[in-house]
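# Sequence first, then the predicted structure, then my questions.
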Amino acid sequence: MFCVFYARDQVSVAIFPTGCKRTSRAANAPAEPPPLSTVIDLRVSFLFFKLCYLIKTMSSGELYTLYRGLMFPKETHCAQSLKFAQEFTFKDDDVAVAVYPKSGTTWMQEILPLVLNGGDLTPIQTIPNWDRVPWLEEKRLSVVVDKLESPRGLVTHFPYHLMPPSFHTSKAKVIYLMRNPKDVVVSSYHFHKMAEFLETPATLDEFMEKFLQGRVMFGKWTDHVKSWRGTDLGDRIMYITYEEMVQDLPAALGRISDFLGRNLSEEATRKIAEHCSFNAMKNNRMSNFSLVPKKYMNSDTSPFLRKGIAGDWENHFSPEQLVSFTSVIRKEMEGESFSLPWSME
């Protein structure tokens, strides 16, 4: 076997043979070289670990691109993809899900196509979620957009002011999904630890500070929520929370169905709820991100679909962190005309 040792500016590999009998040889006898296949395997493994090390030690400036004051991961976004998003043409029957990262995006990528097609499981069983309901702002959209059937489903982490002009002039509908920010920061912390293309947080304290200051991808949670809660979209927008979906998924599906004019039957609703349960999605290779190579998302560090519950923050926050976090959120939400459905105590 071999071990990899990380130092500040280098990677060292030590090789320890195993499974071989120890044999004696003359002190001055030349050592036999290892088989060529072993050398190649070790070099490939070394390069892989070196790549992971280099990515995880990159500065935030090397990992993210700055666009309109917000940080976007370079691995999934580029100047061309952001330009493509701004020039994207929304159709009147398109449906977008706007959501701050780690607030239930993957869940809605599972739910939306099933509601739109009346419960046909084909898309969630045959198409990866990033292709069946692609991100508006990511590189992948330009590759798959022509393959999307109407009505098209899209997701976006954009705040409202970054939506393209065609969105505002179309009749496209949008579902805004919110989640308790305390759970968002915990989920995001674990995601940053397993995503090899994101800056690795040293501690929850450090990450929480960056989260509250907006020094994370897509900026402040409070800014994102306020941007979408302050729109003039009227009946084109629906608001729903992650917690509502956890508490009563069939009821949440009913609300989504009514908003989109789908009028799902009880049987279709039951079927969709069953296939959109956490356990079903965790075992669905088209939804659990197991198709993504570990050099990008290392599930050995933390599974992508981790718990799928509300209130996990209670297992992570210290009393001091709770006071600090809630005081910042409360202050930044002062004066808003809407109330949050979670206690900020």
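Great, that's in hand. Numbers count the residues shown, from 1 in each chain.
# Burial check on the closest residue to residue 187 other than its chain neighbours, number of neighbours?
Counting by Cβ to Cβ, 6 or more residues apart in numbering, residue 187 lies nearest to residue 102, which is 4.1 Å off, once chain neighbours are set aside. C-beta coordinates here come from the backbone N, C-alpha and C atoms, glycine included. Summarising burial for residue 102: neighbours were counted as other Cβ atoms under 10 Å, giving 23.
# Hmm, residue 182 and residue 102 touching each other?
No. In this structure residue 102 lies outside contact range of residue 182 using Cβ atoms under 8 Å: 11.7 Å.
# show me where pLDDT drops low in the stretch 101-250 of the chain?
Segments of the stretch 101-250 of the chain classed as low confidence (criterion: pLDDT under 70) are not present in this model.
# Let me see the ranges of the strands in it.
Assignment of strands within the stretch 101-250 of the chain using DSSP state E, counting those that start in this stretch yields the ranges 153-156, 173-178, 237-241.
# and of these, who's closest to residue 211?
strand 173-178 (15.6 Å; Cβ to Cβ).
# between the closest one and strand 237-241, what angle do the directions make?
Relative orientation of strand 173-178 versus strand 237-241 (axes from the mean of the first three to the mean of the last three Cα atoms, to 10 degrees): 30 degrees.
# How about residues contacting strand 173-178?
Contacts made with strand 173-178 from outside it, assessed by Cβ atoms under 8 Å, 6 or more residues apart in numbering, are listed as 94-100, 103-105, 108, 112, 167, 225, 228-229, 233, 236-242, 256, 259-260, 341.
# Give the PyMOL command for selecting the buried subset of the residues you listed.
When burial is assessed using 16 or more other Cβ atoms under 10 Å, the buried subset of the contacts of strand 173-178 is captured in PyMOL by this command:
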select buried, resi 94+95+96+97+98+99+100+103+104+105+108+112+167+225+228+229+236+237+238+239+240+241+242+256+259+260
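# follow-up on the earlier one: report the contact partners of the residue nearest to residue 187.
When contacts are counted by Cβ under 8 Å, 6+ apart, residue 102 touches 179, 184, 187, 188, 191.
# neighbour-wise, which of these leads?
Within those, residue 188 tops the neighbour count with 25 neighbours, counted by other Cβ under 10 Å.
# what does the domain assignment say about the chain?
Domains of the chain are assigned by automatic domain parsing as 1-13+42-58, 66-332.
# now the helices for the stretch 1-150 of the chain?
36-56, 60-63, 79-86, 105-116, 122-126, 129-132, 141-144 (DSSP state H, counting those that start in this stretch).
# For residue 143, state which of the contacts of residue 102 is nearest.
Distances from residue 143 to the contacts of residue 102, taken as Cβ to Cβ, are shortest for residue 191 (23.6 Å).
# ok, the closest residue to the closest one other than its chain neighbours to residue 178 distance?
If you skip the residues right next to it in sequence, residue 191 has residue 102 as its closest partner in space, 5.9 Å away by Cβ to Cβ, 6+ apart. Applying Cβ to Cβ, to the nearest Å, the value for residue 102 to residue 178 is 12 Å.
# same thing with residue 146?
On the measure of Cβ to Cβ, residue 146 and residue 178 end up 32 Å apart.
# more crowded one of these two?
Counted by other Cβ under 10 Å, residue 146 and residue 178 do not tie: residue 178 has more neighbours, with 25 against 6.
# Mind listing the residues bridging to that one?
Each beta-bridge partner of residue 178 is listed here: residue 241, as defined by DSSP bridges.
# any idea how far it is from residue 149?
Relative to residue 149, residue 178 is positioned 28 Å away (Cβ to Cβ).
# got it, and residue 76?
As for residue 76, its distance to residue 149 is 24 Å (criterion: Cβ to Cβ).
# Looking at the two, which one has more neighbours?
In this view residue 76 and residue 149 are compared by other Cβ under 10 Å, and residue 76 has more residues nearby, 18 against 10.
# Would you map the helices across the stretch 151-300 of the chain?
Using DSSP H, counting those that start in this stretch, the helices found in the stretch 151-300 of the chain span residues 165-169, 181-194, 204-213, 221-229, 242-247, 249-259, 266-275, 278-282.
# Which one of those helices lies nearest to residue 314?
Distances from residue 314 to each of the helices of the stretch 151-300 of the chain were compared using Cβ to Cβ; the shortest belongs to helix 181-194, at 8.3 Å.
# For that closest one, buried residues please.
Neighbour counts using 16+ other Cβ under 10 Å place 181-194 of helix 181-194 among the buried residues.
# Check which helices and strands that helix is in contact with.
Based on contacts counted as 3 or more Cβ pairs under 8 Å, 6 or more residues apart in numbering; DSSP states H and E, the elements that helix 181-194 packs against are helix 204-213, helix 221-229, helix 319-332.
# now for those helices, which one comes closest to residue 156?
helix 221-229 (10.3 Å).
# What sits closest to residue 76 if chain neighbours are left out?
residue 138 (4.9 Å).
# I figured that neighbour was touching residue 77, is that so?
Yes. The criterion here is Cβ under 8 Å, and residue 138 meets it with residue 77 at 6.0 Å.
# isn't residue 167 right next to residue 98, touching?
No. Under the criterion of Cβ under 8 Å, residue 167 makes no contact with residue 98, lying 10.0 Å away.
# deepest of the domains of the chain, which one?
With neighbours defined as mean count of other Cβ atoms under 10 Å, the domains of the chain peak in mean count at domain 66-332, which reaches a mean of 18.
# Quick check: end-to-end length of that one?
Using Cα to Cα, to the nearest Å, the end-to-end distance of domain 66-332 comes to 23 Å.
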